[in-house]
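Trainee: Below is the sequence, then the predicted model.
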Amino acid sequence: MREKILIALKKRIPEDVRVDVSIAENKAFGHYSSNVSFKLAKIRNKAPREIAEGLSLSLSNEKEFEKVEVAGGGFLNFRLSQKVLAHELKDILKKADAYGSKKLSKAKQKKIQVEYISANPTGPLTLANGRGGFLGDAIANVLAAAGHKVEREYYVNDTGNQVRTLGLSLIASAGFIPFEETFYKGEYVKDWALANKTTVKKFKDNPEHLGGLAANHFLKLIKTAIEKKAGIHFDRYTSEKNDVHGKKFIEKALELFKELGVSYEKDGALWLKTTDYGDDKDRVLVTSEKTPTYFLADAGHYFETKVRGFDEKILILGPDHYGYVSRIQAAATIVGLPSSKVIITQAVRLIRGGKEAKMSKRKGLFVTFQELIEDVSPDAARFFFLMISPDTHMDFDLDLAKEKSLKNPVFYAQYAYVRAVSIIKKTKIKKGKEDLSLLGSGEDIHLMLKLSEFPEILEDAAGDYAIHRITKYILELSKAFHNFYEKERVGGVDDELVRARLALVGATAVVLKNALGVLGVSTPKKM
RNA sequence: GCCCCUGUGGUGAAAUGGAUAUCACGACAGGCUUCGAACCUGUUAUUGGGGGUUCGAAUCCCUCCGGGGGCACCA
């Protein structure tokens, strides 16, 4: 719908200005509105209102619009004709599951990798991991719906210092060496050490190996929690050990940097000129002790992604990685993935008994993500996180979350779906021609309009990753449907009208299902 | 000290520089002989302070005040 208006406007505007058309939030302002006359006012040196009036007169001839009004200082308010909306309704029913999704030509289609969670397998997942996980999962869905090829990646840091530290923590927990401050203190460490005492004893002189064994175990738990319980999916668990180090991407990356002339030696260490790419200082790739840094491994990881044919990568990180962003972006650009993005989700603070409870993996203080989804259901947790912009700092009160979980707005949306499905099931009617022009009441029109917005919402989300707009849209659509239900009857009216309204209800079910599906929220038929 | 995020009804949030700032929860008052009341209707309140840019600012700029996070030849 927006596209139609844009085209109609551009046809009448010779100037090269950005034409904005937005969904009118207030019904009094029509269905869509544009502020283009304000933009033109400057260029043409004319009053916006005058320009708007000229445009409205000409636009009123287009049959798609029932009305094009000038309002305020020069806004153009568009009211779509019933016919256009009814036509879109048919389209929804025809496309069904595919409604809202796009198909792109090979030339336009990109191969995008979305990396999320990637928590170190040194313990259970935190709430912040869950937040990033739901977000990444949804972003991947949205990009796929926008027609791109998407890979969902979990990058496993299964080598290096952390794994060693985990091994040492286990050996210390079993009492073979003294406990040090830097070790992992969580219950899970102790539990594993006690449950596997003979293994710990056997490898007490090889913390790397022991850490690796435990990491495997924790990774299995993580996989179960996210895939089976939370419904967060991955296409690939990339192993730092096997896929990056094992396939020589450390060396390959170093070679590439040398070729490109972006690395140099100083003070016995090897540096990457990340300052040329917006970082505030250059970063070390290989220390003067000749050990590769973690950053080098990450750069190698990016290179590996590039070599596997990706056009860009979207990485979702927690707030503790903020300082890492600019160097990662620099590395991405250097290895040939310049349009890659890093999205930082802000902190999830845990509140208990009105006080902040600090979460820390090392100290072993946290509420696990698994605990959350068991208490409030995966759908509710997912919807809750995806309702909020990643930039928002969240205070999360677990006790309150449990208590409030029944009031979670996700049920409002799911209930709308259940209602729609139930109506379709209960309304018996002989097949016949449907006359969609009968859908003319305020509620009918408003619902049709909301339905037709879905592709636009999806398109916007694919552009700016603002997943929470989809969530908000779902609630708006649900409300439009509940309102429709309250005012209009589907069954028990004239056959012709029943068929028409049934089409509308059917289309609502389709869009709700598709929209919730993109978020990864289920659509039960009963509640 | 420097950098990033942030301050919106009692509470939690929303708002590509657009109009009368939108939801949910809570509270209060109503609504089921009919397709599922996990629903609907009504009442309640306001962008931290001060400047500036703009036809137009919650949004951009400056400044002050408050909250969160980050600033290693660690991972």
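Mentor: Received, thanks.
Trainee: which residues does A:Arg489 contact?
Mentor: A:Arg489 sits next to A:Arg501 when contact means C-beta atoms under 8 Å, 6 or more residues apart in numbering. Yep, even glycine has a C-beta here, placed from its N, CA and C like the rest.
Trainee: for it, helix, strand, or coil?
Mentor: Three-state assignment for A:Arg489 (DSSP: H, G, I helix; E, B strand; the rest coil): coil.
Trainee: For A:Val325, see how far away it is.
Mentor: Taking C-beta to C-beta, to the nearest Å as the measure, A:Arg489 falls 55 Å from A:Val325.
Trainee: Alpha carbons only: can I get the helix or strand hosting A:Ala331 in PDB?
Mentor: Assigned by DSSP states H and E, A:Ala331 belongs to helix A:325-335. Listed in PDB are the C-alpha atoms of helix A:325-335, where the atom choice follows Å, rounded to 0.1, in the frame of the first residue of the first chain:
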ATOM      1  CA  VAL A 325      33.000  -3.400  18.400                       C
ATOM      2  CA  SER A 326      35.200  -1.000  16.500                       C
ATOM      3  CA  ARG A 327      38.100  -3.400  16.100                       C
ATOM      4  CA  ILE A 328      35.700  -6.200  15.000                       C
ATOM      5  CA  GLN A 329      34.200  -3.900  12.500                       C
ATOM      6  CA  ALA A 330      37.700  -3.000  11.300                       C
ATOM      7  CA  ALA A 331      38.600  -6.600  10.900                       C
ATOM      8  CA  ALA A 332      35.400  -7.400   9.100                       C
ATOM      9  CA  THR A 333      36.100  -4.600   6.600                       C
ATOM     10  CA  ILE A 334      39.700  -5.800   6.100                       C
ATOM     11  CA  VAL A 335      38.800  -9.400   5.400                       C
END
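Trainee: That one close to RNA strand B?
Mentor: No. Helix A:325-335 stays out of contact with RNA strand B when judged by C-beta under 7 Å from any atom of the strand, the minimum separation being 8.0 Å.
Trainee: helices or strands next to that helix in the packing?
Mentor: When contacts are defined as 3 or more C-beta pairs under 8 Å, 6 or more residues apart in numbering; DSSP states H and E, helix A:325-335 packs onto helix A:249-260, strand A:269-272, helix A:294-307, strand A:312-317, strand A:341-344.
Trainee: And the contacts of the last one?
Mentor: Going back to what we said before, that points to strand A:341-344. A:135, A:139, A:312-319, A:321-322, A:325, A:328-329, A:390, A:465.
Trainee: again with the fourth one
Mentor: By C-beta under 8 Å, 6+ apart, the list of residues contacting strand A:312-317 from outside reads A:110, A:112-117, A:132, A:135-136, A:139, A:143, A:302, A:305, A:324-325, A:328, A:332, A:337, A:339-345, A:465.
Trainee: Convert it to PDB, retaining C-alpha atoms only.
Mentor: Coordinates of the C-alpha atoms in strand A:312-317 are reproduced here as PDB (Å, rounded to 0.1, in the frame of the first residue of the first chain):
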ATOM      1  CA  GLU A 312      28.000  -9.900   5.300                       C
ATOM      2  CA  LYS A 313      27.800 -10.900   8.900                       C
ATOM      3  CA  ILE A 314      25.600  -9.700  11.700                       C
ATOM      4  CA  LEU A 315      27.000 -10.300  15.200                       C
ATOM      5  CA  ILE A 316      25.000  -9.900  18.300                       C
ATOM      6  CA  LEU A 317      26.900  -9.200  21.500                       C
END
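Trainee: when you scan that strand, is anything in it near RNA strand B?
Mentor: No. On the criterion C-beta under 7 Å from any atom of the strand, strand A:312-317 is out of touch with RNA strand B, staying 9.7 Å away.
Trainee: tell me the angle that strand makes with helix A:325-335.
Mentor: For strand A:312-317 against helix A:325-335, the angle by axes from the mean of the first three to the mean of the last three C-alpha atoms, to 10 degrees is 160 degrees.
Trainee: next one: the third one
Mentor: Using the same axes, to 10 degrees, the direction of helix A:294-307 lies 40 degrees away from that of helix A:325-335.
Trainee: tell me the angle of helix A:294-307 relative to helix A:249-260?
Mentor: Relative orientation of helix A:294-307 and helix A:249-260, computed by the same axes, to 10 degrees: 80 degrees.
Trainee: I'd say A:Asp282 and A:Lys273 touch.
Mentor: Yes. If you go by C-beta atoms under 8 Å, A:Asp282 and A:Lys273 touch, sitting 5.6 Å apart.
Trainee: circling back: for the contacts of strand A:312-317, which ChimeraX command selects only the ones that are buried?
Mentor: Per 16 or more other C-beta atoms under 10 Å, the buried members of the contacts of strand A:312-317 correspond to this ChimeraX selection:
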select /A:112,113,114,115,116,117,132,135,136,139,143,302,305,324,325,328,332,337,340,341,342,343,344,345,465
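Trainee: So what touches the helix or strand hosting A:Lys425?
Mentor: Following DSSP H and E, one finds A:Lys425 within helix A:409-426. With contact meaning C-beta under 8 Å, 6+ apart, helix A:409-426 is reached by A:379-380, A:382-384, A:387, A:474-475, A:477-479, A:481-482, A:485, A:490-491, A:502, A:505-506, A:508-509, A:512-513, A:516, A:521-527.
Trainee: switch the cut-off to 6 Å
Mentor: For helix A:409-426, the external contacting residues (C-beta atoms under 6 Å, 6 or more residues apart in numbering) are A:379-380, A:383, A:474-475, A:478, A:481-482, A:490, A:505, A:508-509, A:512, A:523, A:525, A:527.
Trainee: filter those residues to the buried ones?
Mentor: Members of those classed as buried by 16+ other C-beta under 10 Å are A:379-380, A:383, A:474-475, A:478, A:481-482, A:490, A:505, A:508-509, A:512, A:523.
Trainee: From the residues you listed, which one has the minimum pLDDT?
Mentor: Lowest pLDDT among the buried ones among the contacts of helix A:409-426: A:Val490, with 87.
Trainee: Grab the nearest non-local neighbour of A:Val498.
Mentor: Using C-beta to C-beta, 6 or more residues apart in numbering and skipping the chain neighbours, the partner closest in space to A:Val498 is A:Ile429 (5.1 Å).
Trainee: how about that neighbour, secondary structure?
Mentor: Applying three-state DSSP: A:Ile429 is coil.
Trainee: Nearest to RNA strand B: which residue in chain A?
Mentor: Of all residues in chain A, A:Gly323 sits closest to RNA strand B, at 2.3 Å by C-beta to the nearest atom of the strand.
Trainee: What number of residues are in the vicinity of that residue?
Mentor: 8 (other C-beta atoms under 10 Å).
Trainee: and it, that's in a helix?
Mentor: Yes. Counting by three-state DSSP, A:Gly323 is located in a helix.
Trainee: tell me the contacts of A:Thr368?
Mentor: A:Pro124.
Trainee: Please repeat the previous calculation with a cut-off of 7 Å.
Mentor: Each residue near A:Thr368 by C-beta atoms under 7 Å, 6 or more residues apart in numbering is listed here: A:124-126.
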